[in-house]
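J.: sequence plus predicted model, see below.
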Amino acid sequence: MTTITIPKEIDKNKELVAIPRKAYEEFLVWQEKIGSIKTYTPTKAEIKAIEKSREEFRKGNYITWEALKNELANSRRSKSKKRNR
């Protein structure tokens, strides 16, 4: 097994990490892919709307996906019954 000496200047902040070369190469490939992904920055109005939505959610003012599907299905059924009469 190979032994290496790490100078104290490098490890003074205790931030040195040693990983296998293969793992490092895979990380570099992943990092390159992630770096090419574009991110979206919301406008001030969108940020305000998001904050408002989060507050409504915290207050419990929301509807579950299942409840929405049921509500929409019931709405469609009642419309089709009215047309068939």
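T.: Arrived safely, thanks for sending. Quantities reported herein were computed from a predicted structural model and do not represent experimental measurements.
J.: for the residue positioned nearest the centre of the chain, what are its contacts?
T.: The centre of the chain sits closest to T39, judged by Cα atoms, centre = their mean, with a distance of 11.6 Å. Contact analysis of T39 by Cβ atoms under 8 Å, 6 or more residues apart in numbering lists nothing. C-beta: built from backbone N, CA, C; applies to glycine.
J.: which SS state does it fall under?
T.: Three-state call for T39 (DSSP: H, G, I helix; E, B strand; the rest coil): coil.
J.: please enumerate the helices of this structure.
T.: All helices of the chain, identified by DSSP state H, fall at 8-11, 21-35, 44-58, 65-84.
J.: pLDDT weak spots in the protein?
T.: Along the chain, segments meeting pLDDT under 70 span 80-85.
J.: if you set the cut-off to 90 instead, what comes out?
T.: Low-confidence segments of the chain, defined by pLDDT under 90: 1-18, 31-40, 75-85.
J.: residues in contact with stretch 60-72?
T.: Residues outside stretch 60-72 that contact it (Cβ under 8 Å, 6+ apart): E56.
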